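Student: Sequence and computational prediction follow.
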Amino acid sequence: MKGKYSKLLFIILVFIFLYLPIGVLIAYSFNSGSTNLIFEDFSFKWYLNIIKNTDLVNAFLNTLLVAVTSTVISTVIGTISAYGLYKFDFPFKKLINSLIYIPIVIPEIVLGISLLSVYTLMKLELSIYSIIVSHIAFSIPYVIVSVKTTLTSQTITYEEAAKDLGASNYSIFKKIIMPIITPGIVSGATLVFTLSLDDVVISYFTAGPGSNTLPLYIYSIMKSGITPDVNALTSILLLVTFVILITLTIVQSRKIRKEAL
Amino acid sequence: MKNNKIFKTIFTLPILVYTFILIVLPLLYILFLSFCTSDSYGGIIYEFTFSNYIKIFDLTYLKILFKSALIGVITTIICILISYPFALILRRKSAHIQNLVTKLIMIPFLTNSLIRTYGWIILLRKNGIINNGLIMGGLTSSPLNLMYNRFGIVVGMVYTLLPFMLLPICSSVFEINNDLIEAAKDLGAKPLQIFRKIIIPETISGVFNGSLMVFIPAIGYFFITDILGGGKIMIIGNLIKNQFLTARNWPFGSAISIFLIIITFLLVKLYKRLGGKMDDLGGF
Amino acid sequence: MKKIIIVFIGILLLCGCSSKSYENGEINVLNWSSYIPYEIISNFEKEYSIKVNYGTYSSNEELLAKIASSKNGTYDLIFPSDYMVELMISRDMLEKMDKSQIDNFSNINPMFLNQKFDPNNDYSIPFLAATSVIAVNRDRVKDEINSYNDLLNSKYKNNIVLLDDQRIVIGMALQANGFDMNSTDSKKLEIAKKWLLKLYGNVKAFDSDSPKTFLMTNEVDIGVIWNAEATLAHEDNKNIEIIYPSDGFALSLDNYVLVKGAKNKENAYKFINYLLRHDINREITNYYPYLNTTISNMNVDMNDLFNIFLNSSYVENIGSDISKYDKIWAEIK
């Protein structure tokens, strides 16, 4: 049984590796001192201080704005495009089918600088909108891929049956396709939303005045030392995602149980 | 019929516009820039030249390419060495546990990657938690150099990119048909044989998927070398960033970017040849 | 699905409403990171009802890239150093300053005026000055240190922090060998490179943003860093000594300048005038102890200032020879 314990130990070690830095950050959010260098005393004050740090709050709101808008737009475009690519023949279809993987595989830095140089070329003003456009640019392919996997040959059969019964294109899309692809849309949107929340590299190159996002704000203060209010905000965000994820898991397993009955 | 046409346009026009404006145009422009030169003030001179590509093969820059590749390869190998046993241990567990473990892998991934990297500074510093622990435990008398060197960079890279390896390897290992392994055991196959003949072939595309999603970012993530490497070690990402922001040589920066894109395409080709599907990349 | 959309719209509205309204418009500022305390900016916003969109950069080159790659009128006020002012003037990137709009201009210390990068201060007004210095933690390093060459001692392995700035670091290597810090002579640069390769083993990190942290946390005992950083480290630990190297050192003068096509010039003048106000200006150098450029708030005495001017040099524009520096930088890293 020695093997069993060493196996368990290995799994635990991997999780320690994954969670250690986060544990440290959460611990230091309760530090009464103003740096992350020395732990002085236990205190909640940094949680209350978040509101006072207008830069931090603005950066956080900017991040939300960017993530929400870019997720909504890229989910809509990605979804209709996935269906378009699956259903129709049109010029350059084959080419597009391989080009859409580019933003997924090429290094972010290359995407960031190429978008920046195109904005420069087109004399577009860098602002929060240029970040949003850039985020849409790297998000759409993920949504397409995620939706695409839910469109199988089975779908064609349903569609044809509906067509034979005289359903219009629009009602086929609404009544038949949408329910099938919804899980793909949801998981695509979730992925894209988290990617957007976390993006440093692409935002770094395409940000304009007054459009600091949370990752950019953190990057700019990183070397001089992150203040514990940033830790506090991160801890709250982590708690929120944790709760959402757990709720989703419970809802899922209930659904599965219901279906089983 | 007209209705049909409008319907089709709605579903195909956005993707056409998107692909050409936000993918093709930027890349073509970078390609175009890579054949220009820059004046001393960072302006671009529109004269055709190969000199930027020749410059990449200068010994100085080749060394940086080599160093980045080394960091990328080490990071990838460590990620594989962690992920494989991890997935194999959990292979026989119930779907419930597997699902839970996958979620637990995702959670740290949902916090900001910079702030997670910063957590490592607190841990790895000279007077950091790990060094203090080692000294208190009597394992070392003077603090070890755990960051501002290659070690720190690799720790940061492995940490940031591990989920990209864990998730595809787990999903491919969990999908192995258990009957196949039982049958092999019945026929007297040794564990090593089973590993070589069944597990590896069944999971190789998952491994390569992970390797691709780990290696490529690992040569570009300039912020990790900046933060945990103390700005002492340059990887391709830093080199490109410097050309655009410090040296003001956009054409040379573009040439390195094109070079990086070519490497990426070759790796993707290899991945497809090994039976990998494009849709599995990034969709986790 | 509808619920999700409603929540999304709700969040969007929340984001939109959060920004307060400012009667007198806005101003787009790009400044060095850690240069003006946050309170000073928010106080200006309240007092003048002007919104300050404040962004930061960490090198002159990054600033140039940002300005060159953004549309005219994106930014109003920026703070380039000496050589970058000259370069920006030559590229017609700056607006002339109407000094009559800035009452507090008369408070500027004449020693910082009429420098060769902008002889009549047509485009620029001095903001803060910095010099590179050697900072040594005397708790742990007892040896005499006067020159950059003293840092080559193998005792200091992994014990030095340098600025992450190729011109300053290579310039220092040139000065250590008795050359001009702006030299473009290939032979001299080769010698400087060899010198840096020798020093490299002693270097723990390159950092421009906050090298003081390395000294304050005992990560290193020696730094070649900007004077303000060294002063802050000294305030934290009195045993950190500040040394002006005998080989010479770099002087950097940052300036207020208006970007060509600035849309909010009036507001920018108000902001400059505000930052030059006696009380506000003192506050800035209290937080970040660079050399104050006004008369009323001088933070070194006149003699010391003379000596600084005498022994230091500005980083100069070297045109396309920058590629030589760039290559050395890539080689040592």
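Tutor: Thanks, I have the structure now. Numbers count the residues shown, from 1 in each chain, chains lettered A, B, ... in the order given.
Student: Helices of the stretch 101-250 of chain C, residue ranges please.
Tutor: Secondary structure of the stretch 101-250 of chain C by DSSP state H, counting those that start in this stretch: the helices cover C:166-176, C:186-200, C:212-216, C:227-236.
Student: Check which helices and strands the third one sits against.
Tutor: Put plainly, it is helix C:212-216. strand C:222-226, helix C:227-236 (3 or more CB pairs under 8 Å, 6 or more residues apart in numbering or on different chains; DSSP states H and E). Any C-beta I mention is one placed from the backbone N, CA and C, and that applies to glycine too.
Student: For A:Ile246, which of the helices of the stretch 101-250 of chain C is the nearest?
Tutor: Comparing these by their distance to A:Ile246 (CB to CB), the top pick is helix C:212-216, with 37.5 Å.
Student: ok, and what's touching that closest one?
Tutor: A:37, A:223-225, C:135, C:137, C:161, C:204-205, C:207, C:219-221, C:223, C:225, C:229-230, C:232-233, C:236-237, C:240 (CB atoms under 8 Å, 6 or more residues apart in numbering or on different chains).
Student: can you dump the C-alpha coordinates of it into CSV?
Tutor: Extracted in CSV, the C-alpha atoms of helix C:212-216 (Å, rounded to 0.1, in the frame of the first residue of the first chain):
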residue,chain,number,x,y,z
LYS,C,212,15.4,50.5,-4.1
THR,C,213,13.3,47.5,-3.2
PHE,C,214,16.3,45.2,-3.8
LEU,C,215,18.4,47.2,-1.4
MET,C,216,15.7,47.6,1.2
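Student: what about B:Ile153, which helix or strand?
Tutor: Counting by DSSP states H and E, the element that carries B:Ile153 is helix B:150-174.
Student: Briefly note if that helix comes near chain A.
Tutor: Yes. Contact of helix B:150-174 with chain A (CB under 8 Å from any CB of the partner chain) involves B:159, B:162.
Student: Okay, and B:Tyr61 sits in which element?
Tutor: Under the criterion of DSSP H and E, B:Tyr61 resides in helix B:59-90.
Student: for the residue of chain C found nearest chain A, phi and psi?
Tutor: Relative to chain A, the nearest point of chain C is C:Asn53 (2.9 Å; CB to the nearest CB). Phi and psi for C:Asn53, reported as degrees, to the nearest 10, are phi -90, psi 110.
Student: where's it relative to A:Tyr217, distance?
Tutor: C:Asn53 sits 14 Å away from A:Tyr217, going by CB to CB, to the nearest Å.
Student: Pretty sure C:Ser252 sits in a strand.
Tutor: Yes. Counting by DSSP: H, G, I helix; E, B strand; the rest coil, C:Ser252 is found in a strand.
Student: Around it, how many other residues sit close by?
Tutor: C:Ser252: 24 surrounding residues under other CB atoms under 10 Å in any protein chain shown.
Student: what do you get for the one 3 residues further on?
Tutor: Using other CB under 10 Å, C:Asn255 has 26 other residues around it.
Student: Need the phi and psi values for C:Tyr256.
Tutor: phi -80, psi 130.
Student: so what's it up against?
Tutor: C:Tyr256 neighbours (CB under 8 Å, 6+ apart): C:77, C:79, C:97, C:124-127, C:272, C:275.
Student: same thing but at 10 Å, please
Tutor: Contact analysis of C:Tyr256 by CB atoms under 10 Å, 6 or more residues apart in numbering or on different chains lists C:29, C:31, C:77-80, C:97, C:102, C:123-127, C:268-269, C:271-272, C:275-276.
Student: Can you select the buried ones from the residues you listed in ChimeraX?
Tutor: Burial among these is assessed by 16 or more other CB atoms under 10 Å in any protein chain shown; the matching ChimeraX selection reads:
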select /C:29,31,77,78,79,80,97,102,123,124,125,126,127,268,269,271,272,275,276
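Student: List the ones among the contacts of C:Tyr256 that fall in strands.
Tutor: If you go by DSSP state E, these have C:29, C:31, C:77-78, C:125-127 in strands.
Student: Quick check: the farthest pair among those?
Tutor: The span of these, defined through CB to CB, is set by C:Val29 and C:Pro126 at 17.0 Å.
Student: Tabulate the helices of the stretch 101-250 of chain C in JSON lines, adding columns for distance to C:Asn114.
Tutor: Shown next, in JSON lines, are the helices of the stretch 101-250 of chain C (distance: least, CB to CB, whole Å):
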{"stretch": "helix C:166-176", "distance to C:Asn114": "23"}
{"stretch": "helix C:186-200", "distance to C:Asn114": "30"}
{"stretch": "helix C:212-216", "distance to C:Asn114": "32"}
{"stretch": "helix C:227-236", "distance to C:Asn114": "23"}
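Student: With mean neighbour count as new columns, can the ones you listed be given to me in a markdown table?
Tutor: A markdown table is the format used below for the helices of the stretch 101-250 of chain C (neighbours: other CB atoms under 10 Å in any protein chain shown):
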| stretch | mean neighbour count |
| --- | --- |
| helix C:166-176 | 24 |
| helix C:186-200 | 16 |
| helix C:212-216 | 25 |
| helix C:227-236 | 21 |
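Student: in the stretch 151-261 of chain A, which ranges drop under the pLDDT threshold?
Tutor: Across the stretch 151-261 of chain A, the ranges flagged by pLDDT under 70 are A:223-225, A:253, A:256-261.
Student: Quick check: residues of it near chain C?
Tutor: A:178, A:182, A:185-186, A:189, A:205-212, A:216-217, A:219-225 (CB under 10 Å from any CB of the partner chain).
Student: Buried only: go through these for me.
Tutor: Buried members of these, counted by 16+ other CB under 10 Å: A:185-186, A:189, A:205-212, A:216-217, A:219-225.
Student: residues in the stretch 201-333 of chain C within reach of chain B, list them.
Tutor: Applying CB under 10 Å from any CB, we find that the stretch 201-333 of chain C lies next to chain B at C:203-209, C:213-214, C:217-220, C:317-323, C:325-333.
Student: Is it possible to mark the buried ones in the residues you listed?
Tutor: Restricting those to buried positions leaves C:203-209, C:213-214, C:217, C:219-220, C:317-318, C:321-323, C:325-333, with burial counted as 16+ other CB under 10 Å.
Student: would you list the helices of the stretch 101-250 of chain C in a markdown table and tack on mean pLDDT and distance to A:Asp164?
Tutor: Putting these into a markdown table (pLDDT from 0 to 100; distance: least, CB to CB, whole Å) gives the following:
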| stretch | mean pLDDT | distance to A:Asp164 |
| --- | --- | --- |
| helix C:166-176 | 95 | 71 |
| helix C:186-200 | 96 | 76 |
| helix C:212-216 | 90 | 72 |
| helix C:227-236 | 92 | 76 |
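Student: Need the residues touching each of C:Asn53 and A:Tyr217.
Tutor: Common contacts of C:Asn53 and A:Tyr217, defined by CB under 10 Å, 6+ apart, comprise A:Asn58.
Student: Surely C:Ile102 is in contact with C:Leu258?
Tutor: No. C:Ile102 lies out of contact with C:Leu258 (CB atoms under 10 Å); the separation is 11.2 Å.
Student: just to revisit the earlier point, okay, who's weakest in the ones in strands among the contacts of C:Tyr256 by pLDDT?
Tutor: Minimum pLDDT for these is recorded at C:Asn31 (89).
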